[in-house]
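Novice: kindly generate the corresponding structure for this input.
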Amino acid sequence: MTFSVNGIKQEKNEKYAVDMLIGTDDQLLARKILEEKNIMILSLKEFSADKKTFGDIHFTITTNFQEIDIVTKYKDIQEACNFFMVLGFDIVTINSYTKPLSAKEIAAILTNAKAYVATKKTEVRKAIQEEENEERKVYQDVHLESAKKIIVRVFEKIEEVTKRSVGTVSLQDTKKLKSLSEELKKERMGTNFEKIRDTIQEIFKMIEKMNDDYYASIQNPDDTILPDSLVTKVDVDKELERLENIRILKSLGAKISIKNQDYAILGTPAIFWKFLQKDFLSKFIDLP
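Specialist: Predicted coordinates for the structure are as follows:
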């Protein structure tokens, strides 16, 4: 069987859009392979047309001694190989339907892709190290300069949530958020980092409440990521935003509420676990 896949993989500050065909014995195996790569599945549908109508470049991976064929929409075979190896796919061979390559050419592409992935991993490790160093500075330095980038993003978040929450948030909450925003503008001119951190924490409490109301207002139970799932596309957007907000709070050394501890500790996998629980409980309740 062949399935069309549309999904997202989030790594640190990078988000990868995944669009491909995957050939497996059943949908369960396809989901397992994607989840092992930490790819959040937005849609997974059976594809009955000729695979060549979807894309020209195809490659093979192995799982449990079974060969799995994957087709991509990429036009450039090296770019396709680089991209999917970065996602974590261990590509055995790759080729083009319309312009078949020799074994030597394929080997060169795989070698280049492995080198690209190695360079990418080095860059990611460096970025992580720099981010961790920056976070340590935030913890250690009480001066405002160490948090300027974070404060800029906080104001962007305030603007975003205020604009889209018109009609779903009370006047009282709007005034409170505006008051906190004005307070933060004054505080950033000083050097009391702890006070700034506490204000930002209060702001994110308000943002979380307003987001809950906003996403509830646009929720569509029928617009799910999969036919047999209760998880909606709105759920995905809501949880990704919640994760970003918690990462901001964590970088400031702010207190994380008990209900958000999993996001702070696990990161993206916490979202997968929450969605898995939602679907599992629904199926358990439906048991006779």
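Novice: what about the strands in the stretch 51-200 of the chain?
Specialist: Listed in chain order, the strands of the stretch 51-200 of the chain (DSSP state E, counting those that start in this stretch) span 57-63, 66-72, 93-96.
Novice: let me see the backbone angles for residue 217.
Specialist: Main-chain torsions, residue 217, degrees, to the nearest 10: phi -70, psi -20.
Novice: out of the strands of the stretch 51-200 of the chain, which is closest to residue 152?
Specialist: Of all those, it is strand 66-72 that lies closest to residue 152, at 36.9 Å by CB to CB. In this view, the C-beta of every residue, glycine as well, is placed from N, C-alpha and C.
Novice: would you mind writing the CA trace of the closest one as PDB?
Specialist: Listed next in PDB are the C-alpha coordinates belonging to strand 66-72 (Å, rounded to 0.1, in the frame of the first residue of the first chain):
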ATOM      1  CA  GLN A  66      12.000  -4.600   5.200                       C
ATOM      2  CA  GLU A  67      12.600  -2.200   2.300                       C
ATOM      3  CA  ILE A  68      10.400   0.900   2.300                       C
ATOM      4  CA  ASP A  69      10.000   3.000  -0.800                       C
ATOM      5  CA  ILE A  70       9.500   6.700  -0.500                       C
ATOM      6  CA  VAL A  71       8.700   9.300  -3.300                       C
ATOM      7  CA  THR A  72       9.300  13.000  -3.000                       C
END
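Novice: so which elements touch that strand?
Specialist: Packed against strand 66-72 by the contact rule (3 or more CB pairs under 8 Å, 6 or more residues apart in numbering; DSSP states H and E) you find strand 14-23, strand 57-63, helix 77-86.
Novice: could those go into JSON lines alongside distance to residue 188, mean neighbour count and mean pLDDT?
Specialist: Putting those into JSON lines (distance: least, CB to CB, whole Å; neighbours: other CB atoms under 10 Å; pLDDT from 0 to 100) gives the following:
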{"stretch": "strand 14-23", "distance to residue 188": "28", "mean neighbour count": "16", "mean pLDDT": "93"}
{"stretch": "strand 57-63", "distance to residue 188": "49", "mean neighbour count": "18", "mean pLDDT": "94"}
{"stretch": "helix 77-86", "distance to residue 188": "37", "mean neighbour count": "21", "mean pLDDT": "96"}
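Novice: and the ones you listed: which comes nearest residue 256?
Specialist: In terms of CB to CB, the element of those nearest to residue 256 is strand 14-23, at 22.7 Å.
Novice: partner strands of that closest one, parallel or antiparallel?
Specialist: Applying DSSP bridges, strand 14-23 is found paired with strand 2-11 (antiparallel), strand 66-72 (antiparallel).
Novice: can you list the domains in the protein?
Specialist: Per the record, the chain has its domains at 2-117, 142-285, by automatic domain parsing.
Novice: with distance to residue 123 as added columns, please give those domains in CSV.
Specialist: Below are the domains of the chain laid out as CSV (distance: least, CB to CB, whole Å):
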stretch, distance to residue 123
domain 2-117, 11
domain 142-285, 19
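Novice: where do the helices of the stretch 101-250 of the chain begin and end?
Specialist: Here the stretch 101-250 of the chain has its helices, by DSSP state H, counting those that start in this stretch, at 103-140, 148-164, 171-187, 193-218, 233-252.
Novice: can you add distance to residue 71 and give those back as JSON lines?
Specialist: Output for the helices of the stretch 101-250 of the chain, formatted as JSON lines (distance: least, CB to CB, whole Å):
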{"stretch": "helix 103-140", "distance to residue 71": "16"}
{"stretch": "helix 148-164", "distance to residue 71": "37"}
{"stretch": "helix 171-187", "distance to residue 71": "47"}
{"stretch": "helix 193-218", "distance to residue 71": "34"}
{"stretch": "helix 233-252", "distance to residue 71": "24"}
